[in-house]
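Colleague: Next input, structure requested:
(one chain, ligands or ions: 1)
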Amino acid sequence: MRDDVAIVGAGPAGAWAAFCLAQRGARVSLFDPSHPREKACGGGVTGRALALVGDAVAADAFPRTVVRAARFVATERPRTAADAGALHGAADATVPLEDGALVVASRAAFDAALVDAAVRAGARLVSARVTDVAIDARSAALETTGGRFTADVVVGADGANSLVRRRVATPFRRDQLSIATGFYARGATSREIVIELTGDPPGYIWSFPRPDHLAIGICAQADAGIGAAALRARTRTWIDRAGVVPRAALAPYSWPIPSLAARDYETLPLAGPRWALAGDAAGLVDPITREGIFFALLSAGALAEALAHGRGWTPYVERIREEVATELARAARVKAGFFRPAFLGLLLRALDESAAVRSVVADLIAGRQDYATLKWRLVKTLEVGLAWRALTA
Ligand SMILES: Cc1cc2nc3c(=O)[nH]c(=O)nc-3n(C[C@H](O)[C@H](O)[C@H](O)COP(=O)(O)OP(=O)(O)OC[C@H]3O[C@@H](n4cnc5c(N)ncnc54)[C@H](O)[C@@H]3O)c2cc1C
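Modeller: Numbering: from 1, shown residues only. I've put the predicted structure just below:
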């Protein structure tokens, strides 16, 4: 039987697209051989991401840690005398988070809850890997490890290494990816996330508490001149120095994250005849925070709505360009300044001293602070130089 929509990948983007389409009466097949599975991820799900799926995924559908605070630490030694000067006086600071700002979950559990919702809504889960996709004027044909399938359209929700993207557009270049790597620390948990902002490479080290383990990691742009092994070694050292987990069994992980430059958002390959891309496959991740789950869910819902209204992909493409690409391009523009030691020193000192700055950062973590108004909130809370350096570097 031919499907209306074939979706490749049952992560948040694919599962949520399947749910939204099946609920509207579409015949949907969702291809993914990996479940049940963990996916390399912090597992931080912001309040705005939870709100998108709240009607379909009950609060008790997956175990989660409700995060109460973000603790910013400064344990790393500055590399140069200039950096040491910039970071001088930076102390640890704790930012309280409101209920519902951020939860952390295992991706095995979170993604399974979304897939269950899609199947309950009527989508068919096909446990097969898609090995090829061919699109012509009449249909989209999928070769899979479970046989050949056809559909009116194919949705590529198959992540950063997307096969669908490779068939309908071009794969991400190395400079468009981050390497994210670290460890799961079993048998430990917490009610706070721990973050160390780093200038070299620009990014941060994190510890995110799931209910029965911590996801600890670091990310760096793939062309930053530091590889996964060196990054993971740095995380190992940090675990000891920051004291986030004294003794635990550490299981390593690594995975790429799309992290685009501002100009890349002008030419996102989002959709074409009989195909669309969503989530990581489309490159929709915040290049500063690396939050991707919210954008995966948002893009999935938007493409389902466009299809259901029968007006082609135009509403989808326009919505993503207006609501998402513009915002992520802003993030990409301020990214270089954000991780510069001069800014990090100011920010860490301000986090310690100013409740207003703690409130801005709490909103950034919860996904409530957009980059369009970040500058003006900082201007109102701190010396103008802080905002200026962050946003115009
Ligand atoms: C280390 C790390 C930490 C992160 N931390 C966070 C965080 O804390 N919060 C946050 O919001 N984001 C985080 N992200 C980003 C987030 O993980 C992604 O943005 C998000 O998972 C994207 O969802 P997706 O559905 O687009 O893709 P994915 O979650 O990658 O799902 C893709 C699915 O496609 C399947 N697939 C792939 N190829 C095929 C094929 N050929 N056939 C069939 N199936 C296929 C895979 O098995 C997978 O299930 C992190 C990423 C990394 C790497």
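
Colleague: How about the contacts made by the residue positioned nearest the centre of the chain?
Modeller: Nearest to the mean C-alpha position of the chain, counting by Cα atoms, centre = their mean, stands G292 at 2.0 Å. By Cβ atoms under 8 Å, 6 or more residues apart in numbering, the contact set of G292 is I257, P258, G279, D280, L284, V285, D286. No exception for glycine: its C-beta is placed from N, CA and C like everyone else's.

Colleague: The ligand contacts on the stretch 51-200 of the chain?
Modeller: Within reach of the ligand by Cβ under 6 Å from any ligand atom, the stretch 51-200 of the chain has these residues: R129, V130, A157, D158, G159, L163, A180.

Colleague: one step back: quick check: the residue nearest to the centre of the chain vs the ligand, distance?
Modeller: 2 Å (Cβ to the nearest ligand atom, to the nearest Å).

Colleague: again, but for R333
Modeller: Separation of R333 from the ligand (Cβ to the nearest ligand atom) stands at 20 Å.

Colleague: With just CA atoms, put stretch 262-269 into CSV.
Modeller: Extracted in CSV, the C-alpha atoms of stretch 262-269 (Å, rounded to 0.1, in the frame of the first residue of the first chain):
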residue,chain,number,x,y,z
ALA,A,262,24.8,33.1,9.7
ARG,A,263,24.9,33.1,5.9
ASP,A,264,24.0,29.3,5.7
TYR,A,265,20.5,30.1,7.1
GLU,A,266,19.8,32.1,3.9
THR,A,267,20.0,28.9,1.8
LEU,A,268,18.6,26.2,4.0
PRO,A,269,17.4,23.2,1.9
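
Colleague: Does that stretch reach the ligand?
Modeller: No: using Cβ under 6 Å from any ligand atom, stretch 262-269 never reaches the ligand; the gap is at least 13.6 Å.

Colleague: Any idea how far that stretch is from the middle of the chain?
Modeller: Relative to its chain's centre, stretch 262-269 lies at 17 Å (Cα atoms, centre = their mean, to the nearest Å).

Colleague: quick one: E192 and R71 touch, right?
Modeller: Yes: counting by Cβ atoms under 8 Å, R71 is a contact partner of E192 at 5.1 Å.

Colleague: Can you report how many residues neighbour the residue in the stretch 1-150 of the chain positioned nearest to the ligand?
Modeller: Using Cβ to the nearest ligand atom, the single residue of the stretch 1-150 of the chain nearest to the ligand is G11, 2.2 Å away. Look at G11: counted by other Cβ atoms under 10 Å, it has 29 neighbours.

Colleague: That one contacts A296, doesn't it?
Modeller: Yes: taking contacts as Cβ under 8 Å, G11 lies within contact range of A296: 6.6 Å.

Colleague: Spit out the residues that contact these two alike.
Modeller: Common contacts of G11 and A296, defined by Cβ under 8 Å, 6+ apart, comprise A157, G279, D280.

Colleague: Next, see if whichever strand or helix holds A230 gets close to the ligand.
Modeller: Assigned by DSSP states H and E, A230 belongs to helix 228-242. No: in terms of Cβ under 6 Å from any ligand atom, no part of helix 228-242 sits within range of the ligand; the closest distance is 10.7 Å.

Colleague: Packing partners of that helix?
Modeller: Applying 3 or more Cβ pairs under 8 Å, 6 or more residues apart in numbering; DSSP states H and E, one finds that helix 228-242 contacts strand 177-186, strand 192-199, strand 202-209, strand 213-221, strand 250-258.

Colleague: how far off strand 192-199 does it point, in degrees?
Modeller: Interaxial angle of helix 228-242 relative to strand 192-199 (axes from the mean of the first three to the mean of the last three Cα atoms, to 10 degrees): 120 degrees.

Colleague: Show me what counts as buried in helix 228-242.
Modeller: Residues of helix 228-242 classed as buried by neighbour count (16 or more other Cβ atoms under 10 Å): A228, L231, R232, R234, T235, W238, I239, A242.

Colleague: counting contacts, what elements does the helix or strand hosting V95 pack onto?
Modeller: Taking DSSP H and E as the definition, V95 sits inside strand 93-96. When contacts are defined as 3+ Cβ pairs under 8 Å, 6+ apart, strand 93-96 packs onto strand 69-72, helix 341-353, helix 355-365.

Colleague: hang on, the earlier thing: any residues in contact with both of E192 and R71?
Modeller: Jointly contacting E192 and R71 under the rule Cβ under 8 Å, 6+ apart are T94.

Colleague: Mean confidence (pLDDT) on whichever strand or helix holds L298, please.
Modeller: Using DSSP H and E, the element containing L298 is helix 293-308. Mean per-residue pLDDT for helix 293-308: 97.

Colleague: just checking, what packs against it?
Modeller: Where contact means 3+ Cβ pairs under 8 Å, 6+ apart, helix 293-308 is packed against helix 12-23, strand 44-46, helix 47-53, helix 314-319.

Colleague: Out of those, which gets nearest to E76?
Modeller: Evaluated with Cβ to Cβ, the helices and strands packed on helix 293-308 place strand 44-46 nearest to E76, the distance being 21.4 Å.
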